[in-house]
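# Sequence plus predicted model, see below.
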Amino acid sequence: MVGQRLPVPRLEGVSQEHFMQDLYPQRKPLVLEGIDLGTCTSKWTVDYLRQAGGRKEVKIHVAAVAQMDFISKNFVYRTLPFDKFVQRAAEEKHKEFFISEDEKYYLRSLGEDPRKVMDNILIQVTGKKRVVLFSPRDAQYLYLSGTKSEVLDIDNPDLVKYPLFSKARRYECSLKAGDVLFIPALWFHNVISEEFGVGVNVFWKHLPSECYDKTDTYGNKDPTAASRAAQILDRALKTLAELPEEYRDFYARRMVLHIQDKAYSRNFE
């Protein structure tokens, strides 16, 4: 049994002022409909993209399945001319392939390190996607390895291996061409493309600039205070390791309770 399913709210005709003053401060995912995106939703066809991108070579992810796992790395990197990549990505079956005729392709144009602490707007220019999001308040149920969940198949999770995952609330939405999804910083998201499409992400820093590492141009790192706290916790855990197991277990549990009492917000649903 998977966790509680909740739809991501959808609103049409939202002005910039309304979004920034009333919706943005709520820090919840939201699908915006009817935003004027110009001609790209109709212009960016497969033929247009092939012509516009030309023969420039790009490095792409190639996987045998749609669920790419960025922890175990169930994909390989390959290089193709951009026009060839677009052609293959739009095919259901491939005459030319690296792994199999059903292989899936993904091009992430801004590099491998996600901007994990930044707010994000996903603009679905063409195609369709299904997006499932999890609140940062459910992080303890997601079996995190770094910033990514070990649970790859979120629709049919192995609850013997990941029993707490059933407690995570999942927020779901389907994006069609022209939809815009607001993803607040720290929200975990799983994206499945239901057909060939192009999405554009726009990121910006939610916190004041002084909260970030000045050398971190793109917001890839945690806020400075969070990084310091994590370093202090690592030192504390190394100190606890000097104790016998029974003592280490007791004092570690006390630390968890202290963090829950002092750090967790009580007014978030």
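Yep, it's here. A quick note: this is a predicted structure, and the numbers were derived from the prediction, not measured.
# quick one, strands of this structure?
With strands called from DSSP state E, the chain shows them at 5-7, 10-12, 30-33, 57-63, 75-81, 104-106, 119-126, 129-134, 144-145, 148-149, 170-175, 180-183, 188-193, 198-204.
# deepest of these, which one?
strand 180-183 (a mean of 22; mean count of other C-beta atoms under 10 Å). All C-beta spots, glycine's among them, are computed from the backbone N, C-alpha and C.
# and that one, what's its mean pLDDT?
Averaging pLDDT along strand 180-183 yields 97.
# how far does it sit from the chain's center?
Averaging C-alpha positions (C-alpha atoms, centre = their mean, to the nearest Å) puts strand 180-183 11 Å from its chain's average.
# what is the residue minimising distance to the centre of the chain paired to in the beta sheet?
The chain has residue 189 as the residue nearest its centroid, 3.9 Å off, counting by C-alpha atoms, centre = their mean. For residue 189, the residues forming beta bridges with it (DSSP bridges) are residue 133.
# so how far is residue 71 from it?
15 Å (C-beta to C-beta, to the nearest Å).
# can you pull the pLDDT of the closest residue to residue 105 other than its chain neighbours?
Nearest non-adjacent residue to residue 105, counting by C-beta to C-beta, 6 or more residues apart in numbering: residue 89, 4.4 Å away. pLDDT, residue 89: 92.
# What about residue 89, how many residues nearby?
Around residue 89 there are 20 other residues, counting by other C-beta atoms under 10 Å.
# domains for this structure, by residue range?
5-208, 223-263 (automatic domain parsing).
# okay, those, which one's buried deepest?
Taking mean count of other C-beta under 10 Å, domain 5-208 is the most buried of those, at a mean of 15.
# roughly how far is that domain from the heart of the chain?
7 Å.
# out of the domains of the chain, which comes closest to residue 215?
Residue 215 lies closest, by C-beta to C-beta, to one member of those: domain 223-263, at 10.6 Å.
# Centre of the chain to the closest one, how far?
28 Å.
# now for that domain, what's the gap between its first and last residues?
16 Å (C-alpha to C-alpha, to the nearest Å).
# what residues does the longest helix along the chain touch?
Longest helix of the chain, by residue count under DSSP state H: helix 245-263. Helix 245-263 is touched from outside by 236-237, 240-241, 243, with contacts defined as C-beta atoms under 8 Å, 6 or more residues apart in numbering.
# quick revisit: can you add distance to residue 216 and give the strands of the chain back as JSON lines?
Shown next, in JSON lines, are the strands of the chain (distance: least, C-beta to C-beta, whole Å):
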{"stretch": "strand 5-7", "distance to residue 216": "33"}
{"stretch": "strand 10-12", "distance to residue 216": "32"}
{"stretch": "strand 30-33", "distance to residue 216": "27"}
{"stretch": "strand 57-63", "distance to residue 216": "23"}
{"stretch": "strand 75-81", "distance to residue 216": "25"}
{"stretch": "strand 104-106", "distance to residue 216": "25"}
{"stretch": "strand 119-126", "distance to residue 216": "15"}
{"stretch": "strand 129-134", "distance to residue 216": "24"}
{"stretch": "strand 144-145", "distance to residue 216": "21"}
{"stretch": "strand 148-149", "distance to residue 216": "19"}
{"stretch": "strand 170-175", "distance to residue 216": "28"}
{"stretch": "strand 180-183", "distance to residue 216": "19"}
{"stretch": "strand 188-193", "distance to residue 216": "21"}
{"stretch": "strand 198-204", "distance to residue 216": "12"}
